[in-house]
Every structure is written in structure tokens, then in C-alpha cells.
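Enquirer: Provide a 3D model corresponding to the input given below.
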Amino acid sequence: MTLGPAFEVLNEHNAVKRSSFTVGESPMFQRNQGRSEVLNAVMAMGAVLGVLATPAASADLNRDTTPAKVAVDLGSAYLPQGFDSNDNVQMVVEGVFENTCYRQAPTRAVVDPISREMKLYPQAYYYDGFCLQMIVPFHQTLDIGLVPAGQYAVMDMSGVTPRFSSAMESPAARGRSLGTMNVQQAVRAEADDYLYAPVEQAYVDTSTEGKQVLHLTGNFTLSCATMMDVKVSLQDKVLVVQPISQLKRETCEGGSYPFHEKVELPSGVQGRTLIHVRSLNGKALNVLSNLN
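Expert: Here you go, the predicted model:
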């Protein structure tokens, strides 16, 4: 079949057009080739960096981030007196961390009824990383629990391995004395001698007359409950507060009934003081305050 002159001319034109550029000389190809070379170089560099970074990343992921538990020293202890053998004995301890890598851990308390000692093993969590070299104060309320009646020496056992007491132990092995806790024998089955008010907040400010005033706030859960009396006794570095409530009517309605009681403190209350407020739930409210 003869296609004719027109097809031959078109075929010749296309042949010339196809042969106008070689593959390496095509502008489009040159642009694409340049982009491919850059992309290949970036991918190659990324592969190298990936090889270099992978071990470090894996090492970081496999790193143990659990903080170490270390022994710390206590500065002082605040020991409220007046507990008996059916009370949850409480005390407050405080100290300072030497830098910001320390965080509080539970303090272990061991009551030895034979040697009449309450041994405290204060600890902290120590975290790796950047630490600011600055003093960080801390304090902690310790719930000792029910303790047999007697007079107990409270010992700071910082850095001492827990073990049974022995007459052959050196004074250093027996720890440092923080004071004495007296526990009376309970003479009644009731949890407390009084119906304590449910105090939620305690603080001290100064009146316009220059007197220090203790504020107690909270919420009664019965409409007939009122504050009857607030007994305050000053002990060694401790202000023991007994907020005594009463029920005034036989008919009571449940709900939330706020109260705010103010008590002028006796003279001579000054310095770093623990405000220890007995509470209805058996867990006292403990507030450390710097009094004038």
C-alpha cells in the first residue's frame, strides 16, 4: 500500500525533530538530572546521618530513667505530745536538699518497743541530669500509726542500715536524737476525748492590735454542729490545737455549713512552729509556720 507524499514529508519532519537533541543535550533532561543528583546527595547524607544517629537514639531509649533512692539528713523534727495508745501518732520532719535533683521519697519509720525508739530512715529520689546548685527545703508529715504506751526516743537514722538494736552498737550506729515522744495509755474505747471539728485550713496573721491570731476554717456536715471551744497548748516548737465542736439540736440536716473560728495566741509563740490541729477523721492538720 502506498501512503503517498504527505505521509513521507510528515515522517521526515518527525525524524528530524527526534534527532534535533541527543538524550544528554535535552534541556528538560538536564533539569531533571540536576534535581535527581541533588536529591540523591540529600538521601545519601540522610542515610549517613541516620547510621550515625541510630545508636545514640537507641542508647537514649534504652537508658534507665529510674531515679536512685538515697539517704538524706533531717534538720529537725516537730513532735506533738498528747497521743495515747489508740491514736495515730504523727510527727513532722524537715530538712534541705543540696540541689534540685532531689525529690522527696517516703520516710520509713520503725517503732522498737523494746529499746523504746522510733527510728526514722529518711530517703529521697535522686535524678540524673542538670542540677541547679541551690538549697531546696522540704518537710514531711509522718503517720507512725498505733504505738504502745511509753516514752520513745525519736532517732534520725540517716545513712544507717536498718537492723535490730543491740547494746554493742556504737552511738553513731544508733542514729541522732531528734527528741522524745510520749504516748499515754488509752483509758477509753472511743477514738478521741472530744468531738473535733473538721478543720480544713489553719493560718496565723496579726491583728490591728499587733496580736497573733489563729484562723481555723472548714465545713460542718450537719446543720446543728457548732464550735464549742478551741484549746491551744504551747509545746516545744509545736502549737497543739483542739477544736472542740458540739451538736446543739436533736434535728440536724446534712449539707455543707462553713465555719471560721479566730483564736488569739498566747504570748511567747515565735519562731519556726508546727501548728498541729486535731481533726475529726483522726488525721491531724499540720502546718509549719514562721511566727513573730
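
Enquirer: hang on, isn't residue 192 packed against residue 278?
Expert: Yes - proximity of residue 192 to residue 278 meets the contact threshold set by CB atoms under 8 Å, at 7.3 Å. All C-beta atoms are positioned from the backbone trio N, CA, C, and that covers glycine.

Enquirer: more crowded one of these two?
Expert: residue 278 (25 against 16; other CB atoms under 10 Å).

Enquirer: the more buried one and residue 176, how far apart?
Expert: 29 Å (CB to CB, to the nearest Å).

Enquirer: same check, this time on residue 251
Expert: Taken as CB to CB, the span from residue 251 to residue 176 is 56 Å.

Enquirer: more neighbours, the two?
Expert: residue 176 (15 against 6).

Enquirer: OK, contacts around the more buried one?
Expert: Taking CB atoms under 8 Å, 6 or more residues apart in numbering as the criterion, residue 176 is in contact with 155, 156, 158.

Enquirer: what's the answer for residue 240, then?
Expert: 80, 81, 82, 232, 233, 234, 276, 278.

Enquirer: let's see 7 Å
Expert: Taking CB atoms under 7 Å, 6 or more residues apart in numbering, we find residue 240 in contact with 80, 82, 233, 276.

Enquirer: where's the nearest residue to the second one once chain neighbours are set aside, which helix or strand?
Expert: When the adjacent residues along the chain are set aside, residue 82 lies closest to residue 240, with 6.0 Å between them (CB to CB, 6 or more residues apart in numbering). Assessed by DSSP states H and E, residue 240 sits inside strand 238-247.

Enquirer: what bridges to the residue nearest the centre of the chain?
Expert: The centre of the chain sits closest to residue 104, judged by CA atoms, centre = their mean, with a distance of 6.2 Å. Counting by DSSP bridges, residue 104 is bridged to residue 124.

Enquirer: kindly report the same for residue 219.
Expert: The partner residues for residue 219, given DSSP bridges, come to residue 258.

Enquirer: which residue ranges of the stretch 101-250 of the chain form strands?
Expert: Shown for the stretch 101-250 of the chain, the strands assigned by DSSP state E, counting those that start in this stretch span residues 102-104, 108-112, 117-121, 123-126, 136-145, 150-156, 176-183, 199-206, 212-222, 225-235, 238-247.

Enquirer: how about these in TSV, adding mean pLDDT and distance to residue 267?
Expert: Output for the strands of the stretch 101-250 of the chain, formatted as TSV (pLDDT from 0 to 100; distance: least, CB to CB, whole Å):
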stretch	mean pLDDT	distance to residue 267
strand 102-104	95	35
strand 108-112	94	35
strand 117-121	96	32
strand 123-126	95	38
strand 136-145	95	26
strand 150-156	96	28
strand 176-183	95	24
strand 199-206	94	13
strand 212-222	95	9
strand 225-235	94	10
strand 238-247	95	13
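
Enquirer: go through the ones you listed and name the closest to residue 289.
Expert: strand 199-206 (5.8 Å; CB to CB).

Enquirer: list the buried residues for the closest one?
Expert: 199, 202, 204 (16 or more other CB atoms under 10 Å).

Enquirer: does the second one touch residue 275 like I think?
Expert: Okay, so that is residue 202. Yes - counting by CB atoms under 7 Å, residue 202 touches residue 275, with 5.3 Å between them.
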